[in-house]
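# sequence below, structure please.
(one chain, ligands or ions: 2)
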Amino acid sequence: MSDTSLRYLSGFGNEFATEAVAGALPQGRNSPQRAPFELYAELVSGTAFTAPRHENRRSWLYRRQPSVVAGRYQPYAQPLWVTGKPEGAVLPPEPLRWGPFPMDDAAALDFVDGLRTVASNGDVEAQQGLAALVYVCGRSMDQRALVNADGEMLLVPQQGRLRITTEMGLLDVAPGEIALLPRGIAFSIALPDGPSRGYVCENHGAQFRLPELGPIGSNGLANARDFQAPVAAFDDTPIGPAGSYQLVKRFGGRLWAADAHRSPFNVVAWHGNLTPVKYDTQHFMTIGSISFDHPDPSIFTVLTSPSDTPGTANCDFVIFPPRWMVAEDTFRPPWYHRNLMSEFMGLVYGQYDAKPEGFRPGGASLHNCMVPHGPDQEAFEKASGAELKPHKLDHTLAFMFESRYRFIPTDYAMQPSGALDADYPACWAGLQDRFAASN
Ligand SMILES: O=C(O)Cc1cc(O)ccc1O
Ligand SMILES: [Fe+2]
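Ligands and ions are numbered 1, 2, ... in the order given. Got it, this is the predicted structure:
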């Protein structure tokens, strides 16, 4: 597929129609007796057929061969991609933090082999919860594609651009941008900038959508028009022998691989509202306090995956982008707090105001349900004494996967020789009792 296919259609959840060859989309019906150019019609339903109209997501693909043409699947070993709650897993009741996840072994790994679950929750079979992963990779996926039947994947690149080929077309995603790849849609990732690292939310629950805006009104936060879907594009490499391509499938918390004769990227035209999208976080219209007090971080929600309990998300994807701090008589960083919701955070670049030194780009932190946390001593002291003039928190992008379900860290995350910060709670130890009743 050539770079000329790198054009985008704008809007979140729109009804798109796109064809790589003029005339390839049937008009006025979805499954004519014979589709144009002898293409096969294939429906992909991302929601139950009967999901409410505003939540319903499906697309019609017109392709050279239907996806059912594939070899037989064999188990594929990738022990560091872990789903759900491992048997007997120990869940420390403390705050956890990791330094930048090492990229030492990245050179030999592609995106599939470079995925490492840091923490996971829920139950993939119950369509609940998520896995928070990192990827470290130095190789493009060569002659192979991944299909995740277990959930959609939200990619947050931290280092290196991703060129993502999908059944619907191409996406180019740089650090500062995100990609949302629907459950079940095949994709393959190339690395135009070399070694890459980033974060992934593998969402087993309800699909991510834009949050309600309530009193904010009809504009603001992430605007629907800034999400970009690919235009139809296909790979016209001729069919090769069995095994010239590999399809890797995530299915029930395990990986499988099948030989194929060609890539699954043979969709000549498609229409519908189930599609991969990318979004540039620079377009996020940030709202904050213009009087006093630090608001709840829900004002930074880009996308939300609701659960069955209103307002209590399976997962909120929240960002902390560059923004002005202007609040008067206010301790401006996050307050000390405990939260029913569990918070997994990562840092794409820059500094995070609550932890200016200890939280590093490419690392992560985890504050599970009711685990106390807040600014480290350095941040507390600085912010308590700072002159409260307007101040731009610039050159920074942190994010959070916030979930109603506690995240269980994996063995990979907890190994003492890895990125785990063994002494994280020490960053608060110096917060003295300064009570002075006479004040
Ligand atoms: O814990 C964190 O750093 C995330 C966070 C940020 C904020 O501004 C308010 C609450 C919150 O949990
Ligand atoms: Fe928090």
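# in the chain, mark out all the helices, start to finish.
377-385, 411-414, 426-429 (DSSP state H).
# which of those sits most buried?
helix 411-414 (a mean of 18; mean count of other C-beta atoms under 10 Å). Any C-beta I mention is one placed from the backbone N, CA and C, and that applies to glycine too.
# what's the offset of that helix from the middle of its chain?
In terms of C-alpha atoms, centre = their mean, to the nearest Å, the centre of helix 411-414 is set 20 Å apart from its chain centre.
# same check on stretch 111-121?
12 Å.
# and the helices of the chain as a markdown table, adding distance to residue 331 and mean pLDDT?
Output for the helices of the chain, formatted as a markdown table (distance: least, C-beta to C-beta, whole Å; pLDDT from 0 to 100):
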| stretch | distance to residue 331 | mean pLDDT |
| --- | --- | --- |
| helix 377-385 | 6 | 96 |
| helix 411-414 | 31 | 95 |
| helix 426-429 | 15 | 97 |
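# now these as CSV including distance to residue 272?
Output for those, formatted as CSV (distance: least, C-beta to C-beta, whole Å):
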stretch, distance to residue 272
helix 377-385, 46
helix 411-414, 37
helix 426-429, 48
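# ligand 1: which of those is closest?
Closest approach to ligand 1 among the helices of the chain (C-beta to the nearest ligand atom): helix 377-385, 10.1 Å.
# contacts for that closest one, please.
331-333, 353-357, 374-375, 427-431 (C-beta atoms under 8 Å, 6 or more residues apart in numbering).
# quick check: residues of the stretch 51-200 of the chain near ligand 1?
Contact residues, the stretch 51-200 of the chain versus ligand 1 (C-beta under 6 Å from any ligand atom): none.
# how close does the residue lying closest to residue 287 once chain neighbours are set aside sit to ligand 1?
In space, and not counting its chain neighbours, residue 287 is closest to residue 299: 5.0 Å by C-beta to C-beta, 6 or more residues apart in numbering. According to C-beta to the nearest ligand atom, to the nearest Å, residue 299 stands 9 Å off from ligand 1.
# which of the contacts of helix 377-385 come close to ligand 1?
Near ligand 1, by the rule C-beta under 6 Å from any ligand atom, you find residue 354 out of these.
# pull the most distant pair out of the contacts of helix 377-385.
Pairwise distances across the contacts of helix 377-385 (C-beta to C-beta) peak at 22.9 Å, for the pair 332 and 429.
# ok, the residue in the stretch 301-439 of the chain positioned nearest to ligand 1 - contacts?
Closest approach between the stretch 301-439 of the chain and ligand 1, counting by C-beta to the nearest ligand atom: residue 334, at 3.6 Å. Applying C-beta under 8 Å, 6+ apart to residue 334 gives the contacts 294, 297, 353-354, 374-375.
# next, count neighbours for the closest residue to ligand 1 within the stretch 151-300 of the chain.
Of all residues in the stretch 151-300 of the chain, residue 297 sits closest to ligand 1, at 3.8 Å by C-beta to the nearest ligand atom. Residue 297 has 18 neighbours, counted by other C-beta atoms under 10 Å.
# that one touches residue 318, doesn't it?
Yes - look at residue 297 against residue 318 with C-beta atoms under 8 Å: they come within range, at 5.6 Å.
# which neighbours do these two have in common?
Counting by C-beta under 8 Å, 6+ apart, the residues touching both residue 297 and residue 318 are 400, 402.
# distance check, the residue in the stretch 1-150 of the chain positioned nearest to ligand 1 against residue 426.
Nearest residue of the stretch 1-150 of the chain to ligand 1, counting by C-beta to the nearest ligand atom: residue 95, 9.5 Å away. Separation of residue 95 from residue 426 (C-beta to C-beta, to the nearest Å): 11 Å.
# and if you look at residue 6?
47 Å.
# residue contacts, the nearest residue to residue 113 once chain neighbours are set aside?
Distance criterion C-beta to C-beta, 6+ apart; nearest residue to residue 113, sequence neighbours excluded, is residue 78 at 6.0 Å. With contact set as C-beta under 8 Å, 6+ apart, residue 78 has these partners: 112-113, 115, 255.
# state the mean pLDDT of stretch 279-288.
Confidence over stretch 279-288 (mean pLDDT, whole number) is 98.
# let's see the pLDDT reported for the spatially most central residue of the chain.
The centroid of the chain falls nearest to residue 154 when counting by C-alpha atoms, centre = their mean (2.1 Å). Residue-level confidence at residue 154 comes out at 99, pLDDT.
# which ones are touching it?
Contacts were defined as C-beta under 8 Å, 6+ apart; by that measure residue 154 touches 178-181, 200-201, 203, 208, 303, 317.
# which ones among those map onto strands?
Mapping the contacts of residue 154 onto strands (DSSP state E) picks out 178-181, 200-201, 203, 303, 317.
# what is the burial count for the residue nearest to residue 250 when sequence neighbours are not counted?
Spatial nearest neighbour of residue 250, excluding adjacent residues (C-beta to C-beta, 6+ apart): residue 148 at 4.3 Å. By other C-beta under 10 Å, 23 other residues sit near residue 148.
# you'd agree residue 148 is up against residue 200?
No - in terms of C-beta under 8 Å, residue 148 does not count as a neighbour of residue 200; the distance is 10.0 Å.
# returning to that earlier point: closest to residue 269 among the contacts of residue 334?
residue 297 (41.3 Å).
# how close does that closest one sit to residue 388?
Residue 297 is 21 Å from residue 388, by C-beta to C-beta.
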